[in-house]
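Student: sequence and predicted structure are below.
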Amino acid sequence: MSQKPNMIYIVADQWRGDCLGLYRNHHPVMTPHLNQLACEGINYTHGYADCPLCMPQRATMLTGRTGSQNRCIKNFTTENAPHIDPQQTLPGRLTREAGYQTKAIGKMHFAPHRARHGFEHVSLHPDDYLWWLEEQGQGGSFRAHGLGGNEVYPTESTCDQRYYHTTWIVDQAIRFLEQRDPTTPFFLYIIFEAPHSPFDPPPPYDRMYDNFTIPAPIEGDWRESDYPATFQEKRILSKYDFMQPEAIAEARRRYYGQMTHIDYQLGRLFGALQTQHIYQETAIAFTADHGESLGDHGVFAKHSFLESAARVPYILRLPSSMQAQYSQLNSEQAVLTADFCPTMLEMAGLAPDHTAEGQSLLQPNGREYIFGETPESAMVLGEGYKYIYYLTGGTEQLFHVEQDRDDRHNLAGQATQSARQSQLKNQLIAYLSKNNSPMVSDGAFIQRTAQNNAAALRRRNPLACRGPMHGGDGY
């Protein structure tokens, strides 16, 4: 392609990989614009976050290096933030080497929180959004319901749709399209805060799913026999076991509402591209930093390598001038969020970092396995199976992902699967050893003792802090 394409990289925070309307599964979510984008492009059905946590994934998306490679496998502060060379990030290289205008909008979630990491300009949520609310006479309306950023009880937004952060982010994106220099290509990075908790969509999205059948959380047959200790600790610490089934169902309903709000707002963005006659020649990617367990297997949020938390939506719509050339891309291959960085570098005519685990989706994928690591667990996926090791208690899980997309049947320990379990376990230990993971020592996994003091865990309350909203706090 002679002319460098415009590129838009869209990320939703905590969007499950199975929550797209085109799947017509038990999640009744309505996503007409993302459905259309998937029909125009490639919808990868095995997209994964290698470290299903917010901040490590931001670093991965901008560098193409996994959390294990960056040694960034948990959310960080300014004091222990990973070193990221802004000259070598995706936006840094696009700006410096390929003449792109680069703009980021939304929940960057870095430390320090105003770090640009190679972008020419950032419109930041929450800071810039909160100042805008004050200018509109809406100061104090963001999360005035009192729920913190990691609380999962359902509610509704305390500001109208036109003042909600999803709408503001798309407004900012459309403004950029109108104010950009039309003589140079652009790279626009949009990262929504939704559908991350609190599950508080604005009207009418708060009641949009009232007449839909809301599925109950998934329960694996391993829940009673070999439930990982880390899950039990999370249930007690976060008081998930206090939630009544009706509250869980309503939280799911509001979660779907946030997704549909994002999708409908993307309709505005795609319409703006059409109006400027640049939609067809703009590359568009859509994914998430991780999923949301949403009550499945007794827990909420992310952290784990179960499908609900680690699998993400993964759509790539190429410019029309490139579609014929890459019409045979394999949508069934396992891909990582790290892969979008080298893909976009290649579309701009730049060579990727060959030391990074991220691989361009435009090249034949020779990846046999994908790996993942958090402070609590690690995963390897290959040959149609997924093996997970849990540091606390040393629990092992093995799932046949091709036949069991909901992790219902743990095959670990079965005699017929012992060779496969051992082979995948050894692959994972070798990978973690190569990346200096503290989870392994002398070629073997270490094991941590579970906390058995339920009363002490109950007294802690890590999720409810609403906090001050300015300065990057209050998530």
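Tutor: That came through fine.

Student: C-alpha only now, for contacts and for neighbours.
Tutor: Will do.

Student: by contact count, what packs against the longest strand along the chain?
Tutor: Secondary structure of the chain per DSSP state E: the longest strand is strand 186-195. Helices and strands touching strand 186-195, by 3 or more Cα pairs under 8 Å, 6 or more residues apart in numbering; DSSP states H and E, are strand 6-13, strand 101-106, helix 165-179, helix 245-275.

Student: turn these into TSV, including mean pLDDT, distance to Glu402 and mean neighbour count.
Tutor: Below are these laid out as TSV (pLDDT from 0 to 100; distance: least, Cα to Cα, whole Å; neighbours: other Cα atoms under 10 Å):
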stretch	mean pLDDT	distance to Glu402	mean neighbour count
strand 6-13	98	25	22
strand 101-106	98	35	24
helix 165-179	98	34	19
helix 245-275	98	25	20
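
Student: ok, back up a step: show me what secondary structure element comes after the longest strand of the chain.
Tutor: For strand 186-195, the following helix or strand on the C-terminal side (DSSP states H and E) is helix 229-237.

Student: could you dump that following helix to CSV, C-alpha only?
Tutor: Only the C-alpha atoms of helix 229-237 are listed here, as CSV (Å, rounded to 0.1, in the frame of the first residue of the first chain):
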residue,chain,number,x,y,z
ALA,A,229,-7.5,-21.2,47.4
THR,A,230,-7.0,-17.8,45.8
PHE,A,231,-10.6,-17.8,44.6
GLN,A,232,-11.8,-18.6,48.1
GLU,A,233,-9.7,-15.8,49.5
LYS,A,234,-11.2,-13.4,47.0
ARG,A,235,-14.7,-14.4,47.8
ILE,A,236,-14.2,-13.8,51.5
LEU,A,237,-12.0,-10.6,51.1
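
Student: tell me where this structure has helices.
Tutor: Along the chain, counting by DSSP state H, helices occupy 32-40, 54-63, 67-70, 90-98, 127-135, 165-179, 229-237, 245-275, 307-310, 320-323, 340-347, 418-434, 454-459.

Student: of all those helices, which one comes closest to Arg448?
Tutor: Evaluated over the helices of the chain, closeness to Arg448 peaks at helix 229-237, with 10.0 Å, by Cα to Cα.

Student: and that closest one, what's buried?
Tutor: By 16 or more other Cα atoms under 10 Å, the buried positions in helix 229-237 come out as 229-237.

Student: can you tell me which of those is nearest Gly148?
Tutor: Leu237 (15.3 Å).

Student: about what we covered before: out of the helices of the chain, flag the one nearest Arg408.
Tutor: Of the helices of the chain, nearest to Arg408 by Cα to Cα is helix 307-310, at 10.3 Å.

Student: list the helices and strands that closest one packs on?
Tutor: With 3+ Cα pairs under 8 Å, 6+ apart as the test, helix 307-310 has no helix or strand packed against it.

Student: how far is that helix from where the chain is centred?
Tutor: Taking Cα atoms, centre = their mean, to the nearest Å, the mean C-alpha location of helix 307-310 is offset from the chain mean by 10 Å.

Student: contacts for it, please.
Tutor: With contact meaning Cα atoms under 8 Å, 6 or more residues apart in numbering, helix 307-310 is reached by 16-18, 48-52, 290-294, 296, 301-304, 405-407.

Student: now distance to Gly106 too, for the helices of the chain, in CSV please.
Tutor: Output for the helices of the chain, formatted as CSV (distance: least, Cα to Cα, whole Å):
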stretch, distance to Gly106
helix 32-40, 19
helix 54-63, 12
helix 67-70, 22
helix 90-98, 15
helix 127-135, 9
helix 165-179, 6
helix 229-237, 29
helix 245-275, 13
helix 307-310, 22
helix 320-323, 28
helix 340-347, 18
helix 418-434, 33
helix 454-459, 34
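
Student: among those helices, which is nearest Gly382?
Tutor: Nearest of these to Gly382, taken as Cα to Cα: helix 418-434 at 7.9 Å.

Student: that concludes my questions; thank you for your assistance.
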